[in-house]
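# Need a 3D model of the sequence below.
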Amino acid sequence: MAEITASMVKELRERTDAPMMDCKKALTEAEGDMARAEEILRVRFGNKASKAAGRVAAEGVVAVSIKADGKVGAIVEVNSETDFCAKNADFLEFTVQVANVAADEKPADVAALSALNIAGGNVESVRAQLVGKIGENITVRRFVAAEAKGTLASYVHGGRIGVLVDVVGGDEALGKDIAMHIAAAKPKSLDASGIAPELLDAERRVAIEKAREAGKPEAMLEKIAEGTVQKFLKEVTLLSQPFVKDDKQTIEQLLKANNASIASFTMYVVGEGIEKVVTDFAAEVAAAAKG
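Alright, predicted model coming up:
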């Protein structure tokens, strides 16, 4: 049997907000499989156990650049070690330059982007200079350079959530509304076709186990699971979501009313998916005192 360490229990606790002992029991039952343990806790405690999906685990900013005609643009995420660095004027200027050159040149990947010239050198050399000046590690993590089928719109919230969306039809106000909605509602994809099958399988398994524990007849489990999956899809696909400014209509209905459609969108949340090292200050002090 896999060893269940205190750090594993702590991680699951942070992911799910479930009681510590329940986290340990779930990990034991799942034989150390973190994803399976999270599923077990979701069955017991409901959807609050999936809150980790949007947890920010690193610092930095998201920047967006859209050229005047709205036909080309880019969104980039540049990471730093601390929020202090992310507010530094030189760091912020660097991210703007990176977004601009990504939009202008449409490089193939981060390596190609790093070789492009900006004020003061190329992206990589200016990044290295900033590291030396500020004293923190700085990385250009990811970007998307877009050529629009319609017109690009964007929204950046507090520098930490950024959206770039390609809206075909409609007007500038509609594009801004859609971008703001995406930042607020955080859809996983445009429609059901963009949702990974493994996510749907996980929802289905959790629904079946919860229904079974609630004493529902076996013959009803699949139907209950399908209803849960359909509800999940409505919550996480952009076209099915209620519009944040008018929840009586979905985004799909809003688009139809404006003779518009969405070709694509990209949303970045700073640090999403990056595991951040957490220092236990109290433990460090205690260890130092013993030494």
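# Okay, now the unreliable bits of the stretch 151-291 of the chain?
When residues are selected by pLDDT under 70, those of the stretch 151-291 of the chain lie in 275-291.
# Show me the helices in it, by range?
Secondary structure of the stretch 151-291 of the chain (DSSP state H, counting those that start in this stretch): helices located at 172-185, 197-213, 218-236, 251-257, 281-290.
# which of those sits most buried?
Neighbour counts (mean count of other Cβ atoms under 10 Å) averaged over each of the helices of the stretch 151-291 of the chain peak at helix 172-185, with a mean of 19. C-betas here are computed from N, CA, C, even on glycine.
# related to what we said a few turns ago, now the helices of the stretch 151-291 of the chain in CSV, with distance to residue 4?
Shown next, in CSV, are the helices of the stretch 151-291 of the chain (distance: least, Cβ to Cβ, whole Å):
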stretch, distance to residue 4
helix 172-185, 36
helix 197-213, 21
helix 218-236, 29
helix 251-257, 43
helix 281-290, 19
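# now for those, which one comes closest to residue 3?
Among the helices of the stretch 151-291 of the chain, the nearest to residue 3 by Cβ to Cβ is helix 281-290 (20.1 Å).
# circling back to that earlier point, so for residue 128, which of the helices of the stretch 151-291 of the chain sits nearest?
That would be helix 281-290 among the helices of the stretch 151-291 of the chain, by Cβ to Cβ, at 30.4 Å.
# just to revisit the earlier point, please identify which of the helices of the stretch 151-291 of the chain is closest to residue 75.
Closest among the helices of the stretch 151-291 of the chain, using Cβ to Cβ: helix 172-185, at 10.6 Å.
# tell me the angle the closest one makes with helix 218-236.
130 degrees (axes from the mean of the first three to the mean of the last three Cα atoms, to 10 degrees).
# what's helix 172-185 in contact with?
151-157, 161-165, 167, 238, 241, 243-245, 251, 254, 258, 260, 262, 265, 267 (Cβ atoms under 8 Å, 6 or more residues apart in numbering).
# what sits against the residue nearest to residue 207 when sequence neighbours are not counted?
Closest residue to residue 207 apart from its sequence neighbours, by Cβ to Cβ, 6 or more residues apart in numbering: residue 228 at 3.7 Å. Residue 228 is in contact with 203, 204, 206, 207, counting by Cβ under 8 Å, 6+ apart.
# Tell me what residue 63 is bridged to.
On the basis of DSSP bridges, residue 63 is bridged to residue 76.
# wait, isn't it in contact with residue 76?
Yes. Taking Cβ atoms under 8 Å as the definition, residue 63 is a contact partner of residue 76 at 5.4 Å.
# Surely residue 264 touches residue 152?
No. Using Cβ under 8 Å, residue 264 is not in contact with residue 152, being 9.8 Å away.
# higher neighbour count, the two?
residue 152 (29 against 15; other Cβ atoms under 10 Å).
# ok, the closest residue to that one other than its chain neighbours to residue 60 distance?
Nearest non-adjacent residue to residue 152, counting by Cβ to Cβ, 6+ apart: residue 73, 4.4 Å away. Distance of residue 73 to residue 60, computed by Cβ to Cβ, to the nearest Å: 20 Å.
# what's near enough to touch the residue lying closest to residue 2 once chain neighbours are set aside?
Nearest residue to residue 2 in three dimensions, chain neighbours excluded: residue 32, at 3.1 Å (Cβ to Cβ, 6+ apart). If you count contacts by Cβ under 8 Å, 6+ apart, residue 32 has them with 1, 2, 3, 4, 8.
# In contact with the fourth one: list those residues for me.
When you say that, I think you mean residue 4. So, once contact is read as Cβ under 8 Å, 6+ apart, residue 4 ends up touching 24, 27, 28, 32.
# Kindly supply the PyMOL command isolating those of the residues you listed that are buried.
To isolate the buried ones among the contacts of residue 4 in PyMOL, judged by 16 or more other Cβ atoms under 10 Å, type:
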select buried, resi 24+27
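# List the ones among the contacts of residue 4 that fall in strands.
Among these, no member is found in strands (DSSP state E).
# And for residue 21, the neighbour number?
Per other Cβ under 10 Å, the neighbour tally for residue 21 reads 10.
# heads up, I number from 449, so please use that
OK, 449 is where the count begins now, so the last one is residue 469.
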